[in-house]
Structure formats: structure tokens, C-alpha cells
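Colleague: Mind looking at a prediction? Sequence and model below.
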Amino acid sequence: MILKAVIMSLALVAGRSAIPEMNDDNSNFAFSADAVATVVWDYLSQLNNNASGTVEQIAELTQKLKNIFKENMWLRFHDKLFPDEMEKMLVTFALDLYKCLTKDLQRKKEEIQKELEDLQVEIEPHFQEVRQKIRDNARLLEEHLEPYSSVLKRHVDRMSFLNAQVMKCIKDLENGPSDNAEHLQALVPSMPNKIKENITVNLLKFQANLMVFKQEVKKTIDQFMKELSHSLAPFLKDMHKLDHQLEGLSFQLNKEMLKLVANFSARIYELWKLLDPLPDAMPKVNKEELQKFLSKLNGIVEEQVKIFQCKVSSYIETFNKAMEQKVEEFGQKLETHAGYMEDHLIFLEKDLKDKVKSSFKILKEVQNRNIENLPNPQGAGTEPCPLVQNSTGLA
């Protein structure tokens with residue numbers, strides 16, 4: 001009932017859908033749902049055995065959920081606060097999920113542990129062959145991911161050209177008459193917008209490439225799971241339990257991919273937010289002042305791009321290592337008498353995220369059916385910057 005109440009409330013308060021259309025609608029929508037599910041899961045993971053939660057934990061959860069919905073523009077009410085009833089419902093929803101999950105925690109733990117023990121017994125006579133098959137498939141996964149990682153690295157390198165329009169403005173000034181007021185009057189007014197547009201467009205291109213990376217890596221993971229299941233099938237009489245464990249592995253690999261995309265998107269938005277206001281301070285006094293300003297602006301853009309590249313340079317390497325580690329851990333836990341890795345938590349998190357994503361799909365259907373009949377609040381048509389729509393939601 002709580003879940004249904006949250007869905008209906010969101011549908012009623014959404015003035016207009018502003019889900020980004022940089023890529024396909026469903027892709028961005030699913031990512032928003034994953035962002036909400038991640039926040040709720042992180043919150044539940046911190047509660048331990050306290051079903052009520054501390055005041056600080058509830059406040060933190062509420063604020064994070066507020067930010068996600070505002071950034072993704074579910075709530076399009078201009079200059080209005082997050083509705084109190086929505087806040088209460090979302091927190092109640094999270095607490096209800098917590099109670100449900102903790103109730104099933106021990107049962108789930110016992111089920112997964114028994115499942116792994118049964119798999120270990122059946123695989124034991126063929127364990128060396130099974131481990132070799134897993135390693136062979138892991139190498140193939142690494143080979144298939146490498147081209148996408150390389151492309152992403154190249155996009156990071158190309159960020160060095162983010163100052164291209166600033167450099168063009170500097171050249172336009174240098175090539176113009178030294179003391180021609182009319183020339184400056186014609187040239188200067190368009191400079192700030194051109195610089196801002198160049199920055200925004202290039203960052204949006206990066207974001208679009210990031211979404212392509214996300215989709216291609218997801219396809220690669222799906223293909224890897226099929227091949228791994230097929231290669232291990234000869235060693236098992238019943239594949240049901242193994243396929244269930246493979247679902248857990250697939251969830252972990254996709255989670256690492258989403259983390260990578262989210263980290264990149266956060267840095268993209270961070271960079272845009274820092275650079276976008278700077279051209280507005282451009283002086284309109286004389287050529288010398290303009291040249292000084294543009295030179296300083298060029299230095300700032302170059303510096304911030306280097307900081308950006310430094311921040312994200314480790315993301316891809318960390319991602320590749322994490323993918324390798326998850327597959328290695330999967331092979332280890334199939335070994336007889338392997339230490340228990342609390343796999344039930346993986347499946348609890350997967351169940352939670354599946355429920356939230358399913359709920360968001362229902363919300364979208366309700367929203368699409370009712371959107372034409374909803375009032376458009378004053379100011380709701382004001383469009384935010386594209387990067388607010390396309391990057392912050394992914395963060």
C-alpha cells in the first residue's frame with residue numbers, strides 16, 4: 001500500500017515530464033530509478049537492527065531523495081518546496097521496505113548458503129575445470145570491455161579542446177583593428193554566449209557518449225553471462241541454482257558499470273557548473289581588458305579540464321579491476337568449504353532495486369496517461385540547463 005501511495009502521489013504532483021531525451025527515454029528513466037533504489041538501499045544498510053532509524057539517518061535519506069527527484073525534474077513546480085506529504089511517504093516507504101527485508105534476512109541467508117553448499121558438492125569433482133572455464137570467460141570479458149574503455153579514455157583526452165571557443169575569441173580580437181569601437185561593439189556581445197554554448201555542447205556530447213558506453217557495456221555483460229552459463233552447463237545436472245547465482249554476479253557487474261557512469265556524470269556536471277557562469281563576467285570596456293579577461297578565462301578552463309581529467313583518470317582502471325575481482329570471487333565461492341561471503345545481501349539489494357525500478361515503470365505509465373489532464377503550474381515551463389536534466393540525475 002505504501003508503494004502504491006508513493007507511485008500515485010508522484011504521478012499527481014508531476015507537472016510535466018522532463019526526462020532527458022539525450023538517448024532513449026527508458027534508459028535514462030531506469031537510471032533514475034536505480035539512483036533512488038541505491039539511496040534507499042544505502043539507508044537501509046546503515047540502519048542495522050534499529051527499524052525506526054535515527055533522526056539524522058531519516059533526515060539524510062529524505063534530503064537525498066529530494067535531490068534526486070528535483071534534479072531529475074519529476075517535480076516541475078517553480079520555486080516550490082518538496083511537498084511535505086511526499087517527504088513522509090518516501091521515508092515511510094523506505095522504513096517499510098527495511099522492515100520487510102530484515103524480516104526475510106535470516107531466511108534469505110539460509111537459502112543462499114544452502115544453495116551454494118549444494119553447488120559446491122556437485123561441482124567438487126570438476127572444480128579445476130570449472131575454475132578454468134570461469135577464468136577463460138573472465139579473460140574474454142576483459143578483452144570485450146577493453147575497446148569501450150579505450151574509447152572512454154579518448155573522450156577524456158578530447159576534453160582538452162573545451163577551450164576552443166575561448167581561443168577563437170582571442171584570435172578574433174587579435175586579428176581585428178586595434179582601436180575600432182564599432183568592431184568591438186559588433187564582436188563582444190555574442191562572445192559570452194558562444195563560449196558558454198561551446199562548453200555546454202561539448203559536455204553534453206561527452207554525456208551522450210557515456211550513455212552509449214553504458215548500453216554497450218550492459219550488452220557485453222549480458223553476453224558474458226550467457227557464455228559463462230553455457231560453458232558451465234556440462235558440469236551440472238540442474239542449472240537452476242547456478243543460474244540464480246549468475247543473476248547475482250550479473251547484478252554486481254552492472255552495479256560497477258552504473259557506479260562508473262554515475263561518477264563520470266557527477267564530474268561532468270561539476271565541471272559545467274563551475275565553467276558556465278564565467279563568461280558572463282566578460283568586460284565590454286576596451287580591447288586590452290577583453291584580452292586580459294579571455295586570457296585568464298582560457299587559463300581557468302585549461303586548469304579545470306586538467307583537474308577533471310585527473311579526477312576521472314582512475315575511474316576506468318578501478319572499474320576494470322572491480323569487474324575482474326567480482327568474477328574471481330564468484331569462482332572462489334564455488335570451491336568446497338569456501339568462506340561464506342554474505343551473498344544474501346547481494347540478492348536482497350537486487351530484489352529491492354528490482355521493486356523500485358518496477359514501481360518507476362508503473363509511475364511512468366500513470367504519468368503518461370494523466371499528464372495532459374494536469375494543470376501546468378506557473379513557471380513550470382521554464383527549462384533548466386540541459387546539463388541539469390542530463391547529468392545531475394545520473395549523479
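Modeller: Alright, I've got the coordinates.

Colleague: tell me the helices in the stretch 201-350 of the chain, going along the chain?
Modeller: In the stretch 201-350 of the chain, the helices defined using DSSP state H, counting those that start in this stretch lie at 240-275, 287-333, 343-370.

Colleague: could you dump those helices to CSV with distance to Arg131 and mean pLDDT?
Modeller: Yep, even glycine has a C-beta here, placed from its N, CA and C like the rest. As requested, these are exported to CSV (distance: least, C-beta to C-beta, whole Å; pLDDT from 0 to 100):
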stretch, distance to Arg131, mean pLDDT
helix 240-275, 14, 93
helix 287-333, 5, 92
helix 343-370, 18, 71
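
Colleague: could those helices be laid out in TSV, adding mean neighbour count and distance to Asn137?
Modeller: TSV is the format used below for the helices of the stretch 201-350 of the chain (neighbours: other C-beta atoms under 10 Å; distance: least, C-beta to C-beta, whole Å):
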stretch	mean neighbour count	distance to Asn137
helix 240-275	19	11
helix 287-333	16	8
helix 343-370	17	19
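
Colleague: Tell me which of those approaches Glu197 most closely.
Modeller: Closest of those to Glu197 is helix 240-275, at 11.9 Å (criterion: C-beta to C-beta).

Colleague: Okay, angle between that closest one and helix 287-333 too, please.
Modeller: 170 degrees (axes from the mean of the first three to the mean of the last three C-alpha atoms, to 10 degrees).

Colleague: Tell me who's in contact with the nearest residue to Lys108 once chain neighbours are set aside.
Modeller: In this structure, Lys108 finds its nearest non-sequential neighbour in His344, 4.4 Å apart by C-beta to C-beta, 6 or more residues apart in numbering. By C-beta atoms under 8 Å, 6 or more residues apart in numbering, the residues touching His344 are 105, 108-109, 111-113.

Colleague: any idea how far His344 lies from Arg107?
Modeller: 9 Å (C-beta to C-beta, to the nearest Å).

Colleague: do Pro192 as well
Modeller: Counting by C-beta to C-beta, the gap from Pro192 to Arg107 is 62 Å.

Colleague: the more surrounded of these two?
Modeller: Higher neighbour count among Pro192 and Arg107: Pro192, with 18 against 10, using other C-beta atoms under 10 Å.

Colleague: pretty sure that one contacts Met282?
Modeller: Yes: between Pro192 and Met282 there is a contact under C-beta atoms under 8 Å: 5.1 Å.

Colleague: what pLDDT does the nearest residue to Phe235 once chain neighbours are set aside get?
Modeller: Nearest residue to Phe235 in three dimensions, chain neighbours excluded: His126, at 4.4 Å (C-beta to C-beta, 6+ apart). The model reports His126 with a pLDDT of 92.

Colleague: try the one 4 residues further on
Modeller: Note for Val130: predicted pLDDT of 94.

Colleague: any idea which helix or strand carries it?
Modeller: Per DSSP states H and E: Val130 is located in helix 127-157.

Colleague: In that helix, which residues are buried?
Modeller: By neighbour count on 16 or more other C-beta atoms under 10 Å, the buried set for helix 127-157 is 130-131, 133-134, 137-138, 140-141, 144-145, 148-149, 152, 155-156.

Colleague: what comes into contact with the helix or strand following it?
Modeller: Using DSSP H and E, the helix or strand that follows helix 127-157 in sequence is helix 164-175. Helix 164-175 is contacted from outside by 187, 191, 194-195, 197-199, 287, 290-291, 294-295, 297-298, 301, using C-beta under 8 Å, 6+ apart.

Colleague: same question, stretch 239-258
Modeller: Stretch 239-258 has contacts (C-beta under 8 Å, 6+ apart) with 31, 34, 115-116, 118-119, 214, 217-218, 221-222, 224-225, 228-229, 232-233, 236, 319, 322-323, 326-327, 330, 343, 346-347, 349-350.

Colleague: ok so, going back, could you tell me which of the contacts of His344 belong to helices?
Modeller: Secondary structure from DSSP state H places 105, 108-109, 111-113 of the contacts of His344 in helices.

Colleague: out of the residues you listed, who has the most neighbours?
Modeller: Ile112 (23 neighbours).

Colleague: That residue and Leu173: what is the separation?
Modeller: For Ile112 relative to Leu173 (C-beta to C-beta), the value is 67 Å.

Colleague: Repeat that for Lys114.
Modeller: Lys114 is 74 Å from Leu173, where distance means C-beta to C-beta.

Colleague: ok, the two, which is more surrounded?
Modeller: It is Leu173, of Lys114 and Leu173, that has more neighbours when counted by other C-beta under 10 Å, with 19 against 11.

Colleague: and Leu334, what does it touch?
Modeller: 116, 119-120, 123, 127, 130-131, 134 are the contacts of Leu334 under C-beta under 8 Å, 6+ apart.

Colleague: try Leu278
Modeller: Counting by C-beta under 8 Å, 6+ apart, Leu278 makes contact with 297, 300.

Colleague: 10 Å instead, please
Modeller: By C-beta atoms under 10 Å, 6 or more residues apart in numbering, Leu278 lies in contact with 166, 192, 195-196, 199, 293, 296-297, 300-301, 304.

Colleague: from the residues you listed, which two are the most distant?
Modeller: The most widely separated members of the contacts of Leu278, counting by C-beta to C-beta, are Pro192 and Gln304 (17.3 Å).

Colleague: Thanks again, I'm all set now.
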